[in-house]
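[1] structure for the following, please:
(2 chains)
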Amino acid sequence: MAQSPGRISLAPARGTLSVFEIALLVLCLVLVVAPIPQNLQDIIVLTFLWAGLATAWNIAGGYTGLISFGHAAFFGIGAYTSTILLVRMNVTPWVGIWCGGLLAAFCGAILAVICVRLRGPFFILSTLAAAEVIRIAALNWSSLTGGPEGLAISPAADPVNMVFASKHAYLALMLGYLLLSYALTKLIDGSRYGYYLFAARDDEDAASAAGVNPLAVRTVALMLSAALTGIGGSLFAQYFLYLDPTFVISPEVSFQFALLPAVGGLGTAIGPVLGSFLITPMSELLRSYLGSKVAGLHLAIYSALLIVVVLYFPSGIAGALSGLSRRKGGKS
Amino acid sequence: MLEVENLDAFYGQIHVLHGVSLSIKAGDIVGLVGANAAGKSTLMYSLAGLRTTCAGKIRLKNEAIEDMPTHERVRRGLVLVPERRRLFPFMTVLENLQIGAYSDGARALAHQTMREVFELLPTLSERRTQLAGSLSGGEQQMVAIGRALMAKPQVLLLDEPTEGLAPIYVKLLFELITSLRALGITVLIVEQNIHHVLQTADRAYVLENGRIVLEGSGRALLNDERLKVAYLGL
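    Alright, predicted model coming up:
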């Protein structure tokens, strides 16, 4: 009997940590404290942030089968909530990020009530449309969001405002966020609620017949995913210190959320992390080395690499790695 | 226990059931037989609240349930074991069983129910950490019934439970159904295996082209010439 993509040997039993995961964690901790050139630290900050965001998306897209192309809405809601609270009301982001997460979860619940009955492409399209509504609202509600000119956070370093001079602090912050997303994913993995989610995803009729309420378990998953994405949005705002709707709530951002888990391994805990660790540095390095020389070349190479990954690793990096370790295990 | 009155059911655009009425007494084993495409599975799905759209009345313990979603019906004690078992193959036996205890009431009793299920189906206890997909067909059917029992059913709907099973398991299964009755569970069973089911059932209904054409005690039907007509179209 083949193993499911959800039970890869990188994570041998649900809810426990593998050696691979612990080694990865140690590596991340080293990257946080190691003296690395600033431009590389920037890339690592983004890698951690995107890994956390991809992990958050995966709770809906991978674990629940709710493929959303509208998570940029939750990202934007989180980013704008904490930033508006800081800029307009002087509320510290240490409080604001949780407010952003809560508001995103609330919006996730509304989206769930409206869309979670829809299947496949219909759900995807409705999430895309919902994100557009939020983007247009943010563009036009200038008194609150600053409209197309955007919102800027004062760059003066102040830990109370969650603005730091040292990249190490941002690295620690983003790693903390990644660990929060990852820990929640692992909790779901090992919990009864996780079985309900997988059951409703894999065979809705059978899950219903067994007594599971598929709409309820999906709604909770979407809220959790939205909340984590909102928190990630706040952290993004604190790092870039500038927000504008066209970038923050763009379909490109939504696609990126979906792309990283797809490359890393959909529906596995480690997949989105591996996806970000591969894709984010690759795209950033290509852009910084090639972007200034031949316009568009970095995008062409990036796309070509993506095609290779999708063609040769259809179940993602996590799937390919677990296949490899299974083959080794079989020989010994 | 379970009353069905004038049930019409549609599968997409297709009108499958026409004015079906059933009355099932508490503690009975009731068989539902009929040729292929007579509407047996559609009736089971309609009772469970899955897939079909229905008109008519379904009452469980005198409560109207026809407008309830499936999980609400399960919570009230009406549980379907679907055709072809429909386990979650990449989960262990234990995890499959746990999914059955979703409602608050069932979850509170889950540990005790699990012990009872293992007493009733000792093979499951031995296989509890195996992936459900790696079990034999007969064992999988036991898991499917075990999963349904975890929901603390009062009425169990079994849709073709012996399909594809070795004869030894068919025999075991009917013994199991008899012991379920002893536990006070009412059973409605759809079966191709007409001799077994009519010998075991207290009552039986014969479905033909979406209509109930015959009903009576199981043994009486077994000797009824009209059954052959309904079944074989002779």
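[2] can you report how many residues lie near A:Leu118?
    Using other C-beta atoms under 10 Å in any protein chain shown, A:Leu118 has 14 other residues around it. For glycine as for every other residue, the C-beta is placed from the backbone atoms N, C-alpha and C.
[3] three-state assignment of it?
    State at A:Leu118, reduced to three classes by DSSP: H, G, I helix; E, B strand; the rest coil: coil.
[4] so it sits against A:Thr127, correct?
    No - the pair A:Leu118 / A:Thr127 is not scored as a contact, 9.3 Å apart, by C-beta atoms under 8 Å.
[5] now do the same contact list for B:Val143.
    Applying C-beta atoms under 8 Å, 6 or more residues apart in numbering or on different chains to B:Val143 gives the contacts B:Arg85, B:Leu87, B:Val93, B:Asn96, B:Leu97, B:Leu124, B:Ala132, B:Leu135.
[6] phi first, then psi, for it.
    Backbone torsions for B:Val143, taken as degrees, to the nearest 10, come to phi -60, psi -40.
[7] and it, what's its pLDDT?
    Per-residue pLDDT puts B:Val143 at 94.
[8] okay, now the unreliable bits of chain A?
    Within chain A, the segments meeting pLDDT under 70 span A:1-15, A:326-332.
[9] for B:Gly49, list the residues it contacts.
    By C-beta under 8 Å, 6+ apart, B:Gly49 lies in contact with A:Ser208, B:Ile65, B:Met68, B:Pro69, B:Thr70, B:Glu72, B:Arg73.
[10] quick check, nearest of those to B:Glu116?
    Nearest to B:Glu116 among the contacts of B:Gly49 is B:Arg73, at 22.0 Å by C-beta to C-beta.
[11] close to chain A: what parts of chain B are there?
    B:48-51, B:69-71, B:74-75, B:79-82, B:86-91, B:95, B:98-103, B:106, B:131, B:133-134, B:147-148, B:150-151 (C-beta under 8 Å from any C-beta of the partner chain).
[12] may I see the PyMOL selection of the buried members of those residues?
    A single PyMOL command selects the buried members of the residues of chain B next to chain A (16 or more other C-beta atoms under 10 Å in any protein chain shown):
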select buried, chain B and resi 48+49+50+70+71+74+75+79+80+81+82+86+87+88+89+90+91+95+98+99+100+101+102+103+106+131+147+148+150+151
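[13] among the residues of chain B next to chain A, name the ones in helices.
    B:Ala48, B:Thr70, B:His71, B:Val74, B:Arg75, B:Glu95, B:Gln98, B:Ile99, B:Gly100, B:Ala106, B:Arg147, B:Ala148 (DSSP state H).
[14] and stretch B:37-57, C-alpha only, in PDB?
    Coordinates of each C-alpha in stretch B:37-57 appear next as PDB, following Å, rounded to 0.1, in the frame of the first residue of the first chain:
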ATOM      1  CA  ALA B  37     -31.100   0.300 -10.600                       C
ATOM      2  CA  ALA B  38     -34.300  -0.300  -8.700                       C
ATOM      3  CA  GLY B  39     -33.400   2.700  -6.500                       C
ATOM      4  CA  LYS B  40     -32.100   0.900  -3.400                       C
ATOM      5  CA  SER B  41     -28.900   3.000  -3.000                       C
ATOM      6  CA  THR B  42     -30.800   6.200  -3.800                       C
ATOM      7  CA  LEU B  43     -33.200   5.400  -1.000                       C
ATOM      8  CA  MET B  44     -30.300   4.900   1.400                       C
ATOM      9  CA  TYR B  45     -28.700   8.100   0.400                       C
ATOM     10  CA  SER B  46     -32.000   9.900   0.700                       C
ATOM     11  CA  LEU B  47     -32.500   8.600   4.200                       C
ATOM     12  CA  ALA B  48     -29.000   9.700   5.100                       C
ATOM     13  CA  GLY B  49     -29.500  13.100   3.400                       C
ATOM     14  CA  LEU B  50     -26.700  12.700   0.900                       C
ATOM     15  CA  ARG B  51     -26.600  13.700  -2.800                       C
ATOM     16  CA  THR B  52     -30.300  13.400  -3.700                       C
ATOM     17  CA  THR B  53     -33.100  15.900  -3.600                       C
ATOM     18  CA  CYS B  54     -36.200  14.600  -2.000                       C
ATOM     19  CA  ALA B  55     -39.800  15.400  -1.500                       C
ATOM     20  CA  GLY B  56     -41.800  13.500   1.200                       C
ATOM     21  CA  LYS B  57     -41.600  12.900   4.900                       C
END
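[15] quick one: mean pLDDT over that stretch.
    The model assigns stretch B:37-57 a mean pLDDT of 90.
[16] buried residues, it. List them.
    B:38-50, B:52, B:54, B:56.
[17] over to stretch A:21-35?
    Applying a neighbour-count criterion of 16+ other C-beta under 10 Å, the buried positions in stretch A:21-35 are A:Glu21, A:Leu24, A:Cys28, A:Leu31, A:Val32.
[18] ok, the last one - contacts?
    Which is A:Val32. By C-beta under 8 Å, 6+ apart, the contact list for A:Val32 reads A:His168, A:Leu171, A:Ala172, A:Leu175.
[19] so B:Glu163: helix, strand or coil?
    With three-state DSSP as the criterion, B:Glu163 reads coil.
[20] from the buried residues of stretch A:21-35, which ones fall inside helices?
    With helices taken from DSSP H, the overlap with those comprises A:Glu21, A:Leu24, A:Cys28, A:Leu31, A:Val32.
[21] ok, now how distant is the residue nearest to the fourth one when sequence neighbours are not counted from A:Thr246?
    I take that to be A:Leu31. Distances taken as C-beta to C-beta, 6 or more residues apart in numbering or on different chains place A:Ile44 nearest to A:Leu31, at 5.4 Å, with adjacent residues excluded. Relative to A:Thr246, A:Ile44 is positioned 26 Å away (C-beta to C-beta, to the nearest Å).
[22] neighbour count for these two, which is higher?
    Counted by other C-beta under 10 Å, A:Ile44 and A:Thr246 do not tie: A:Ile44 has more neighbours, with 23 against 11.
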